[in-house]
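Visitor: Dropping the sequence and predicted coords here.
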Amino acid sequence: MIYADLVIANLKELITCSGPAPRVGPQMKEIGLVERAWVAGHQGKIVFVGPEKDFKEKVSPSEKAKFIDGTGLIALPGLVDCHTHLPFAGDRAYEFSLRLKGLTYQQLAAMGLGIQTTVQATRKISKEELKNLCLKRLKIMLLNGATTIESKSGYGLNLEDEIKQLEVIKELNFEQPVSLVSTFMGAHEIAPEFKNEPRAYIELLKKTIMPEIKKRDLAEFFDIFCEPTVFNLEQTRELAVEALHLGYKLKIHADEFEPIGGTKLAVDLGAHSVEHLIKVTPEGIEKLSHSRTAAVLLPGVSFFLMTDKKAPARELLDQGAIVALATDFNPGSSYLMSMLLVLQLGVFTLKMTVEEAINACTINGAYAIDRHLQVGSIEPGKDLDLLLCELPSYISLAYELGRNPIKIIIKKGRVVAKDGCLTGN
Ligand code: NIG
Ligand code: FE
C-alpha cells in the first residue's frame with residue numbers, strides 16, 4: 001500500500017507535464033493531461049497520480065490525511081520562474097516616465113541611470129530592509145503561481161553588498177514557502193568605482209569576490225551580462241571559465257540588445273541556460289537546437305521596453321531548442337512578478353501554443369535551474385507543488401487574459417494559499 005497524508009480528489013483536468021525533461025520539439029505539445037485525476041502526497045512528495053479506481057486499490061490515506069475536493073478544478077505543476085533579479089531596493093518609475101517620453105533603456109544606462117541607480121539604492125539599505133522587500137515580492141510571485149524561483153544578485157557589485165543580497169536569498173529559502181535558487185551576478189555591470197577600469201573590476205571578481213561567495217556557499221550559479229557596453233565576449237569568456245573552474249554552474253544573459261557571440265559561447269562552455277535571445281542570430285538558434293543549454297525567453301522584457309523586437313520562440317521551438325519562459329523580474333526592464341502573465345505573453349506575443357507555454361513555465365524552467373528532478377511536473381517522487389484553478393479547461397489559462405484563476409496553492413504538500421491569501425502554513 002502507498003501511504004498518504006494529502007489527497008486531492010477528482011480533479012476535472014490535471015496537467016502533469018510528466019515525461020521527458022527537458023522537452024523539445026513535438027514533446028512540447030504534450031502536457032500529460034489526466035481527466036478526473038486523483039493525486040496523493042506523503043511528507044511533501046507526490047506518491048500517486050491516477051484515476052479513482054487505482055487510487056482506491058493502491059493508496060491508504062492516514063487517519064489525519066487532509067482531503068481536498070478537486071471537483072470542477074483544473075490543476076497544474078507549480079510554476080518555475082527560472083530568471084529573476086529579486087533582491088533590489090528602490091524602483092525606477094522615474095526612468096520609466098523618461099522612457100515614455102522617448103528615451104531608450106540604453107540611453108538611460110549611458111546617462112548613468114539604469115542598473116547603477118539600483119546599485120546605489122541597494123547598497124544603502126540594510127540586510128533586514130532588503131529581506132522585507134524580498135519577502136513581500138515573494139508573496140506576490142507565489143500568489144501568481146511561482147512555487148520555485150531563481151534569484152540573482154548583481155545590484156551590490158562589491159563583496160559586502162553582493163553577500164548581503166545572497167544571504168537574504170539563502171535565509172528566505174528557509175523562512176517562506178517558495179523554493180529559491182541562488183545565482184551570483186557580480187558581472188551584471190561594471191561597479192561604479194571601476195567605471196573606467198573594467199580590467200580592475202574583473203580581477204576583483206575573479207580573485208576575491210567569486211571565490212569568497214563560493215566559499216560561503218551562497219550561490220549555485222554564476223551569470224554574466226554579455227553586451228558590448230557591459231561585458232564583451234572576451235571578458236564574458238574569461239569570467240565564465242573562471243566561474244566553472246570555481247565550481248559554479250553557468251548562465252549567460254546574451255543577445256538582449258546586440259548579438260556578439262554570447263549564445264555560442266554559452267553552448268560551447270556547457271552553460272545550463274542562456275537568457276533573453278531577443279536578437280539571437282540564425283547561427284545562435286542552430287547552435288542552441290543541438291545543445292543541452294536551455295533558451296530562457298523573457299517576453300515581459302520586450303513588452304516592458306515596448307519594442308517590436310521579440311525572441312524568435314517559434315524558430316527556437318521548431319528547430320528543437322530547449323525553451324523556457326521566465327519573468328526577469330527587475331526594476332529596469334521588467335517589473336513583472338506574475339508567471340501566469342508570462343505564460344500568457346508566451347502565447348500572445350511569442351506565438352507559442354498553450355501547451356508549449358505551460359511546459360516552458362514548468363518542466364523546462366525547472367531544467368534551466370537544474371531542478372527538473374525535483375519540481376516542474378506531477379510525478380511520484382517529486383515535490384507536491386500544485387496549483388488548483390477555477391477554469392473551464394486548461395486552454396483558459398491563456399485565454400482568460402490577465403485574470404488570476406488560482407484557488408489553492410500547494411507547496412511541498414502543504415496548502416500555502418487559498419482564494420488569493422496566504423494561509424501562513
Ligand atoms: O535582465 N539585462 C540585465 N539585467 C536585467 C536588467 C536589470 C536592470 O535594468 O536593473 C535584465 O534585463
Ligand atoms: Fe535578467
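Guide: That came in fine, so what should we check first? Ligands and ions are numbered 1, 2, ... in the order given.
Visitor: From residue 88, how far off is whichever residue of the stretch 301-425 of the chain sits closest to ligand 1?
Guide: Nearest residue of the stretch 301-425 of the chain to ligand 1: residue 332, at 2.2 Å (CB to the nearest ligand atom). Where C-beta positions appear, they are placed from N, C-alpha and C, glycine not excepted. Distance of residue 332 to residue 88, given as CB to CB, to the nearest Å: 9 Å.
Visitor: got it, and residue 183?
Guide: 14 Å.
Visitor: picking up where we left off before, pretty sure the residue of the stretch 301-425 of the chain closest to ligand 1 contacts residue 118?
Guide: Yes. With contacts defined as CB atoms under 8 Å, residue 332 counts as touching residue 118 at a distance of 7.0 Å.
Visitor: Can you work out which residues contact both of those two?
Guide: Jointly contacting residue 332 and residue 118 under the rule CB atoms under 8 Å, 6 or more residues apart in numbering are residue 92.
Visitor: Not counting sequence-adjacent ones, nearest residue to the residue of the stretch 301-425 of the chain closest to ligand 1?
Guide: Leaving aside its chain neighbours, residue 332 sits nearest to residue 92 (5.4 Å; criterion: CB to CB, 6 or more residues apart in numbering).
Visitor: Contact partners for that neighbour?
Guide: Counted by CB under 8 Å, 6+ apart, residue 92 has contacts 113-114, 117-118, 331-332, 335.
Visitor: Would you mind listing which of those residues are buried?
Guide: 113-114, 117-118, 331-332, 335 (16 or more other CB atoms under 10 Å).
Visitor: And those residues, which is closest to residue 34?
Guide: Within those, distances to residue 34 taken as CB to CB reach their minimum at residue 335, with 36.4 Å.
Visitor: does the closest one really touch residue 329, like I thought?
Guide: Yes. With contact defined as CB under 8 Å, residue 335 counts as touching residue 329 (7.1 Å).
Visitor: quick one: average pLDDT of stretch 64-72?
Guide: Averaging pLDDT along stretch 64-72 gives 97.
Visitor: Now do stretch 271-282: distance to the chain's middle.
Guide: Stretch 271-282 has its C-alpha centroid displaced from the chain centroid by 15 Å (CA atoms, centre = their mean, to the nearest Å).
Visitor: who touches the helix or strand where residue 99 lies?
Guide: Per DSSP states H and E, residue 99 falls inside helix 93-100. By CB under 8 Å, 6+ apart, the surrounding residues in contact with helix 93-100 are 105, 108, 113-114, 117, 305-306, 332, 335.
Visitor: how about the residues of the stretch 51-200 of the chain near ligand 1?
Guide: Residues of the stretch 51-200 of the chain found near ligand 1 (CB under 6 Å from any ligand atom) are 85, 114-115, 118.
Visitor: Taking the residues you listed together, which two end up most distant?
Guide: 85 and 114, at 12.6 Å, using CB to CB across those.
Visitor: What residues of the lowest-mean-pLDDT helix or strand in the chain count as buried?
Guide: Every helix and strand of the chain was ranked by mean pLDDT, DSSP states H and E. The lowest is helix 105-110, at a mean of 90. By 16+ other CB under 10 Å, the buried positions in helix 105-110 come out as 105, 108-109.
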